[in-house]
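J.: My questions concern the predicted model and sequence given below.
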Amino acid sequence: DAKTTQPTSMDCAEGRAANLPCNHSTISGNEYVYWYRQIHSQGPQYIIHGLKNNETNEMASLIITEDRKSSTLILPHATLRDTAVYYCIVRVAGSARQLTFGSGTQLTVLP
Amino acid sequence: DTGVSQDPRHKITKRGQNVTFRCDPISEHNRLYWYRQTLGQGPEFLTYFQNEAQLEKSRLLSDRFSAERPKGSFSTLEIQRTEQGDSAMYLCASSPPSGTGVNEQFFGPGTRLTVL
């Protein structure tokens, strides 16, 4: 699976959009971008994934650049409960293989 | 609650003791994973089961670690002769069979192990 690079930490004001970047310059054509988050003392939680088109669900939006070398996870209206570590992971869709987590981005939503 | 469950949630043990953790995956999920997470780091893969077969093991899984999934449902992770370096959060995840269109892994709350 391709390696990803994320900022160590970010802050965001409550109610504002949180934009979390991820670089994955070595991504292969058959690899998807997945996002998980981990709230303190809980297990990771799946957020969203995509291949090359932008994706949106009830939790977030995922914007993938045209060259697919980077992506941005957007939480449109961040709340205090969105404070968590966010992990960007690249992997082949349908793969049964394990997830390879980096260190992620600690997002702190400020009141 | 139909999510992944893990028991116990917390375990404190003395160095040299054996510990066993249990994971109950989501019903109908045939894939089960164990991860370990130390403070400030992302989870690291330990081992993977498809049904009752253990298909992959990480080099992190030393001889003191053993995992089973005897009936293809719940799984246990045993650590023998625990060391202080084994102190970590042990996470279990499950995912459904291939072909369902769902590839994400669903994680349990974890078991936090402290070795004194």
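T.: Happy to help now that I have it.

J.: shaky segments in the chain?
T.: You didn't pick a chain, so chain A it is. Applying pLDDT under 70 to chain A picks out residues A:1-2, A:94.

J.: Chain B is the one I meant
T.: Looking along chain B with the criterion set at pLDDT under 70, you get B:1, B:99-102.

J.: Can you pull the residues of it lying near chain A?
T.: Residues of chain B lying close to chain A by Cβ under 8 Å from any Cβ of the partner chain are B:4, B:31, B:33, B:35, B:40-45, B:48, B:50, B:55-56, B:58, B:91, B:93, B:95, B:98, B:103-110, B:112. C-beta here means a position set from N, CA and C on the backbone, and glycine is covered the same way.

J.: ChimeraX command to pick out the buried ones of the residues you listed?
T.: Selecting the buried subset of the residues of chain B next to chain A in ChimeraX, with 16 or more other Cβ atoms under 10 Å in any protein chain shown as the burial test, is done by:
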select /B:4,31,33,35,42,43,44,45,48,50,56,58,91,93,95,103,104,105,106,107,108,109,110,112
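
J.: Now residue B:4. Nearest residue, chain neighbours left out?
T.: Once flanking residues are discounted, residue B:4 sits nearest to residue B:108: 3.7 Å by Cβ to Cβ, 6 or more residues apart in numbering or on different chains.

J.: wait, isn't that neighbour in contact with residue B:92?
T.: Yes - the pair residue B:108 / residue B:92 is scored as a contact, 4.6 Å apart, by Cβ atoms under 8 Å.

J.: Identify the contacts common to these two.
T.: Taking Cβ atoms under 8 Å, 6 or more residues apart in numbering or on different chains as the criterion, residue B:108 and residue B:92 both touch B:4, B:6, B:23.

J.: For residue A:37, which residues are in contact?
T.: Here residue A:37 is in contact with A:44-45, A:47, A:82, A:84-87 (Cβ under 8 Å, 6+ apart).

J.: Where does the spatially most central residue of chain B sit, in terms of helix or strand?
T.: Nearest to the mean C-alpha position of chain B, by Cα atoms, centre = their mean, lies residue B:34 at 3.1 Å. If you go by DSSP states H and E, residue B:34 is part of strand B:31-37.

J.: strands paired with that strand, and their directions?
T.: Applying DSSP bridges, strand B:31-37 is found paired with strand B:44-50 (antiparallel), strand B:88-95 (antiparallel).

J.: next one: that strand to chain centre, how far?
T.: From the chain centre to the centre of strand B:31-37 is a distance of 4 Å (Cα atoms, centre = their mean, to the nearest Å).

J.: How about the contacts made by residue 14?
T.: I'll assume chain A. With Cβ under 8 Å, 6+ apart, residue A:14 has these contacts: A:78-80, A:109-111.

J.: The chain in question should be chain B.
T.: Contacts of residue B:14 (Cβ under 8 Å, 6+ apart): B:82, B:115-116.

J.: Whichever of those residues end up buried, select them in PyMOL.
T.: Selecting just the buried residues from these in PyMOL takes one command, with 16+ other Cβ under 10 Å as the test:
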select buried, chain B and resi 82+115
